[in-house]
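*Asks:* predicted coordinates and the sequence they were generated for:
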Amino acid sequence: MNHFLDIHKTDPAALRGIIDNAAVMKSARQGRSRGAPDDDQPLAGQMVALIFEKPSTRTRVSFDVGVRQMGGQTMLLSGSEMQLGHGETIADTARVLSRYVDLIMIRTFDESVLIEMAEYADVPVINGLTDRTHPCQIMADILTYEEHRGPIKGKKVVWSGDGNNVCASFLHAAGQFGFDMTFTGPAQLDPEEEFIGLARKSGVRINIERDPHKAVEGADLVVTDTWVSMHDSQSAKERRHNMLRAYQVNEALMASAKPDALFMHCLPAHREEEATSAVMDGANSVVFDEAENRLHAQKAVMRWCLGL
């Protein structure tokens, strides 16, 4: 069963195949209207369940459009509609859904929900996001970097800000794709030691540098993410802003990186907080290519999961 649960749980050769396939499918769509189906319809006759316990724009639209472009159909399910894990158990939900659909994508809070869903499902399960990791986003980011700058292997990636779930998946990718990574941010928001250790065991360099300007020296890619969650209280937002203000990605910080260093943000962004508009709209920003590439990367993930 080809579940796509986390980048470090997927073979590097499979990951490389997914990225390469995504690039081929994206190229094949050049000149087509947005809604046009692909010439290749590998999901014809297939039904994909898209489960959202957590709200979403990019994940929902990109998976839904991707399935339709490849000839499949989607069933959109919200956590409130399913009462996932509150009435029927997650295990029983997985067993039941497996009788109806060919593939399950779930965007949830607790990682344990994802793991249990995959354990009991008889069809592949894709991690659309948990509070701990966000692997589909990083597959899109790898695709984006490589279409602009070539192979990411051996490059230096710098994460500035909060060592959150997106940062965690970047650490997983560092080990699997062979690039070095530096985290710069307050100690209270460091990435999990487990994820740092996993990457280091693979032989890549993982550094923590509190000075953001030192951190980005020689960087090929600078990445950040929102400082606050929609669920944070106002007081929590203020605390996090105070902790993270020094790690804003602005023009001065980007000037300390390589002249051709790319800038990424997975969106949605709070402009003038974690990153300035001057950077987000600047010549080295690829944030909207990154957003588009969620579509192409996830189509390749789905094909890999289904062996198509």
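*Replies:* Nice, I can see it.

*Asks:* contacting residues for the residue nearest to the spatial centre of the chain?
*Replies:* For the chain, the residue nearest the mean C-alpha position is residue 137 (1.7 Å; Cα atoms, centre = their mean). Residues near residue 137 by Cβ atoms under 8 Å, 6 or more residues apart in numbering: 129, 166, 169, 266, 294. (C-beta placed from N, C-alpha, C; glycine too.)

*Asks:* what about the first one, how many neighbours?
*Replies:* Meaning residue 129. Neighbour count of residue 129, defined by other Cβ atoms under 10 Å: 24.

*Asks:* in the protein, which spans are strands?
*Replies:* Counting by DSSP state E, one finds strands in the chain at the ranges 47-52, 73-78, 103-107, 125-129, 156-160, 180-184, 206-208, 221-224, 262-265.

*Asks:* now those strands in TSV, with mean pLDDT?
*Replies:* Listed next are the strands of the chain as TSV, based on pLDDT from 0 to 100:
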stretch	mean pLDDT
strand 47-52	97
strand 73-78	95
strand 103-107	97
strand 125-129	98
strand 156-160	98
strand 180-184	98
strand 206-208	98
strand 221-224	98
strand 262-265	98
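
*Asks:* got JSON lines for those strands, with distance to residue 194 too?
*Replies:* Listed next are those as JSON lines, based on distance: least, Cβ to Cβ, whole Å:
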{"stretch": "strand 47-52", "distance to residue 194": "26"}
{"stretch": "strand 73-78", "distance to residue 194": "31"}
{"stretch": "strand 103-107", "distance to residue 194": "22"}
{"stretch": "strand 125-129", "distance to residue 194": "17"}
{"stretch": "strand 156-160", "distance to residue 194": "16"}
{"stretch": "strand 180-184", "distance to residue 194": "14"}
{"stretch": "strand 206-208", "distance to residue 194": "12"}
{"stretch": "strand 221-224", "distance to residue 194": "20"}
{"stretch": "strand 262-265", "distance to residue 194": "24"}
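
*Asks:* who touches the nearest residue to residue 70 once chain neighbours are set aside in this structure?
*Replies:* Nearest residue to residue 70, sequence neighbours excluded (Cβ to Cβ, 6 or more residues apart in numbering): residue 43, at 4.1 Å. By Cβ under 8 Å, 6+ apart, the contact list for residue 43 reads 67, 70-72, 302, 306, 308.

*Asks:* repeat that for residue 94.
*Replies:* Contacts for residue 94 (Cβ under 8 Å, 6+ apart) come out as 104, 116-121, 125.

*Asks:* residue 293 now?
*Replies:* Counted by Cβ under 8 Å, 6+ apart, residue 293 has contacts 22, 26, 140-141, 143-144, 147.

*Asks:* what's the PyMOL syntax to select whichever of the contacts of residue 94 are buried?
*Replies:* For the buried members of the contacts of residue 94, the matching PyMOL selection, counting by 16 or more other Cβ atoms under 10 Å, is:
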select buried, resi 104+116+117+118+120+121+125
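
*Asks:* would you list the contacts of residue 94 in CSV and tack on distance to residue 81?
*Replies:* As requested, those are exported to CSV (distance: Cβ to Cβ, whole Å):
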residue, distance to residue 81
104, 15
116, 19
117, 16
118, 21
119, 23
120, 20
121, 18
125, 19
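
*Asks:* filter the contacts of residue 94 down to just the ones in helices.
*Replies:* 116-120 (DSSP state H).

*Asks:* pLDDT below threshold where in the stretch 101-250 of the chain?
*Replies:* Residues of the stretch 101-250 of the chain that meet the criterion pLDDT under 70 lie in 230-232.

*Asks:* tell me where it has helices.
*Replies:* Per DSSP state H, counting those that start in this stretch, the stretch 101-250 of the chain carries helices over the ranges 111-120, 135-149, 165-177, 193-201, 212-215, 234-244.

*Asks:* between those helices, which gets nearest to residue 12?
*Replies:* With Cβ to Cβ, the closest approach to residue 12 among those belongs to helix 165-177: 4.8 Å.

*Asks:* other SSEs contacting that closest one?
*Replies:* helix 12-28, helix 135-149, strand 156-160, strand 180-184, helix 193-201, strand 221-224 (3 or more Cβ pairs under 8 Å, 6 or more residues apart in numbering; DSSP states H and E).

*Asks:* mind saving the C-alpha coords of that helix as CSV?
*Replies:* The C-alpha trace of helix 165-177 is given here as CSV (Å, rounded to 0.1, in the frame of the first residue of the first chain):
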residue,chain,number,x,y,z
ASN,A,165,4.8,21.6,10.6
VAL,A,166,6.0,23.0,7.3
CYS,A,167,9.5,23.4,8.6
ALA,A,168,9.3,19.8,9.9
SER,A,169,8.6,18.5,6.5
PHE,A,170,11.4,20.6,5.0
LEU,A,171,13.8,18.8,7.5
HIS,A,172,12.4,15.5,6.3
ALA,A,173,13.1,16.5,2.7
ALA,A,174,16.6,17.7,3.5
GLY,A,175,17.5,14.1,4.4
GLN,A,176,15.7,12.5,1.5
PHE,A,177,16.8,15.0,-1.2
